[in-house]
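1. my questions concern the predicted model and sequence given below.
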Amino acid sequence: MAKNSKSSAKAAKQPKTNAKAAGKNNKGGKDQKVSFFGRIKQFFKDLRSEIKKIVWSSGKDTLKNTLVVLMVVLIVGIGVWIADALLVKLREVIYNASVTDAETAIIAVKALIGMYL
């Protein structure tokens with residue numbers, strides 16, 4: 001009697017499978033292995049269906065976004081150009097200063113560099 005209760009407990013723990021669901025993937029109850037070329041074919045079928053799902057923007061939206069990018073690039077370029085011109089002027093002021101002013105500038109630059117190191 002003890003054997004029957006143990007076997008029924010094991011049967012209760014095992015998950016029940018649906019015979020129809022298990023047979024859907026197999027034709028005729030045999031295990032089917034997809035060939036290499038079959039998987040490649042399936043890949044391209046899936047790829048085609050995914051490409052069809054893409055929502056492409058209109059030409060008008062693309063033109064608008066392109067103009068926004070060009071304007072941002074232009075504004076950043078002008079900002080870099082201005083910063084470069086200011087740094088060139090600063091360099092010229094430091095180089096053209098008198099000896100005492102140059103020494104003062106070098107001391108100031110060393111002090112600034114020392115703050116960041």
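-> It's in.

2. now residue 70: how far from residue 77?
-> Distance from residue 70 to residue 77, counting by Cβ to Cβ, to the nearest Å: 10 Å. All C-beta spots, glycine's among them, are computed from the backbone N, C-alpha and C.

3. let me fix that, I meant to ask about residue 60.
-> 26 Å.

4. got it, and residue 48?
-> 42 Å.

5. so residue 40 is in which element?
-> Per DSSP states H and E, residue 40 falls inside helix 36-52.

6. now the element after that helix, going C-ward?
-> Past helix 36-52, the next helix or strand by DSSP H and E is helix 59-96.

7. rounded mean pLDDT for that next one, please.
-> Averaged across helix 59-96, pLDDT comes to 93.

8. tell me what it is packed against?
-> helix 99-116 (3 or more Cβ pairs under 8 Å, 6 or more residues apart in numbering; DSSP states H and E).

9. number of residues surrounding residue 80?
-> 10 (other Cβ atoms under 10 Å).

10. same check on residue 95?
-> Taking other Cβ under 10 Å as the criterion, the count of residues near residue 95 is 9.

11. how near is it to residue 51?
-> 61 Å.

12. could you do residue 61 as well?
-> From residue 61 to residue 51 the distance is 19 Å (Cβ to Cβ).
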